[in-house]
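K.L.:
return atomic coordinates for the entry below.
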Amino acid sequence: MKTVEEIKAAIEVAVPGAGVEIVSNPSVSGQHSLLIAHSHALQVAQFLRDDSELALDYLSNVTGVDYLDKEISEKVKVTRTVTKTVDGVEQQVEETVDETRKRVEPGYLETVYHLFSVAKKHGPVIIRMRTANRTDQVEMPSLTPIWRGAELQEREVFDLYGVVFTGHPDLRRLLMWDEFKDHPMRKDYVEPDDFEYEPTAHDQVLERAKQHAAAEKAAIQEGAEAR
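P.N.:
Below is the predicted model:
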């Protein structure tokens, strides 16, 4: 089978402007993957399926990944003017120092597809797509029109992570009920004290509810005393 670099090159020839990046995997398996842009995702997927050498006709797995916002500290060199006393005389001099600056790298949601060829007996080829963020830009194109096996698996990613697959033929929750709020596989998901359709709370859930009720009561009392 072609290397990931060769597959990337073949995609760029077949789909001009595709915008494909290699995501390296440093583990022993070395299963590097291809990050593809939304704008050409369907064309790239169709090429991977229909190309005579690759013939990636079988989608085995679709999964989601949640990447939280990340605070990054960077050291930068900064030149500033300081006052120094030299031989009893105050002078303005410039000096360069290392300064630590922090920035926040926005998080995103990612969907990962594992592709194989039944005809050629090779694989996997792994492709990825990412959302712009985790809040109000969580769309990406559905690959169900290319691999029908993606239909239920994309619904699962939608249900558990909140990725909205545009062009999906039947995008609705798969594991949770329609009225359920939030997405249980998000890293910042907080379990509710009780579930709408659970008639009897388990001991752990009941204990958590009591703790939350006590904390809310204390906060209300503190607010009243402050007034």
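K.L.:
quick one: pLDDT of Glu191?
P.N.:
You'll see Glu191 listed with a pLDDT of 79.
K.L.:
which strand or helix spans it?
P.N.:
Of the helices and strands defined by DSSP states H and E, none includes Glu191.
K.L.:
which stretches in this structure count as strands?
P.N.:
In the chain, the segments counted as strands under DSSP state E are 20-23, 33-36, 58-67, 70-86, 89-105, 108-117, 122-130, 139-141, 164-166.
K.L.:
mind listing the strands the fourth one pairs with, and their directions?
P.N.:
The sheet places strand 70-86 alongside strand 89-105 (antiparallel), with pairing taken from DSSP bridges.
K.L.:
centre of the chain to the strand it pairs with, how far?
P.N.:
Mean-position distance between strand 89-105 and its chain equals 36 Å (CA atoms, centre = their mean, to the nearest Å).
K.L.:
by how many degrees do it and strand 58-67 diverge?
P.N.:
Per axes from the mean of the first three to the mean of the last three CA atoms, to 10 degrees, the angle that strand 89-105 makes with strand 58-67 is 140 degrees.
K.L.:
output the lowest mean pLDDT helix or strand found in this structure.
P.N.:
None of the helices or strands of the chain scores lower by mean pLDDT, DSSP states H and E than helix 203-226, at a mean of 79.
K.L.:
extract the C-alpha trace of it and format it as CSV.
P.N.:
The C-alpha coordinates for helix 203-226 follow below in CSV (Å, rounded to 0.1, in the frame of the first residue of the first chain):
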residue,chain,number,x,y,z
ASP,A,203,-26.8,5.8,45.8
GLN,A,204,-24.0,7.8,44.2
VAL,A,205,-26.4,10.0,42.3
LEU,A,206,-28.4,10.6,45.5
GLU,A,207,-25.4,11.5,47.5
ARG,A,208,-24.2,14.0,44.8
ALA,A,209,-27.6,15.6,44.8
LYS,A,210,-27.5,16.1,48.6
GLN,A,211,-24.1,17.7,48.3
HIS,A,212,-25.2,20.1,45.6
ALA,A,213,-28.3,21.0,47.6
ALA,A,214,-26.3,21.7,50.7
ALA,A,215,-23.9,23.9,48.6
GLU,A,216,-26.8,25.8,47.1
LYS,A,217,-28.4,26.4,50.5
ALA,A,218,-25.1,27.7,51.9
ALA,A,219,-24.6,30.1,48.9
ILE,A,220,-28.2,31.5,49.3
GLN,A,221,-27.6,32.0,53.0
GLU,A,222,-24.3,33.7,52.4
GLY,A,223,-25.9,36.0,49.9
ALA,A,224,-28.7,36.9,52.3
GLU,A,225,-26.2,37.8,55.1
ALA,A,226,-24.2,39.9,52.7
